[in-house]
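Chemist: have a look at this fold, sequence not included:
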């Protein structure tokens, strides 16, 4: 399973590189400011956050 997750991360990182400029341009259009890339979560951190939220919601029923 971990090998599959690592493969998925590689694919997603590739997709980020493809779409990053367009995405940042959209953020700049909404915020009227420069995009600060150091404020973005890593893909792993994002996955952990989503997993934690999903677990807490499933616990509630």
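Modeler: Yes, it's here. It should be emphasised that the depicted structure is a prediction, and the values quoted were computed from it without experimental measurement.

Chemist: residues near residue 47, how many?
Modeler: One way to gauge burial is a neighbour count; for residue 47, by other Cβ atoms under 10 Å, it gives 15. (C-beta placed from N, C-alpha, C; glycine too.)

Chemist: residue contacts, it?
Modeler: Contact analysis of residue 47 by Cβ atoms under 8 Å, 6 or more residues apart in numbering lists nothing.

Chemist: now it. Its backbone dihedrals?
Modeler: Main-chain torsions, residue 47, degrees, to the nearest 10: phi -60, psi -40.

Chemist: and the pLDDT at it?
Modeler: Residue 47 carries a pLDDT score of 96 in this model.

Chemist: same question, residue 37
Modeler: 86.

Chemist: now do the SS call for the closest residue to it other than its chain neighbours.
Modeler: Of all residues beyond its chain neighbours, the one nearest residue 37 is residue 24 (8.0 Å), with distances taken as Cβ to Cβ, 6 or more residues apart in numbering. Secondary structure of residue 24, reduced to three states by DSSP: H, G, I helix; E, B strand; the rest coil: helix.

Chemist: quick one: the most centrally placed residue in the chain and residue 31, what's the gap?
Modeler: To find the centre residue of the chain, average its C-alpha atoms and take the closest one (Cα atoms, centre = their mean): that gives residue 43, at 4.6 Å. Remark: distance between residue 43 and residue 31 (Cβ to Cβ, to the nearest Å) = 22 Å.
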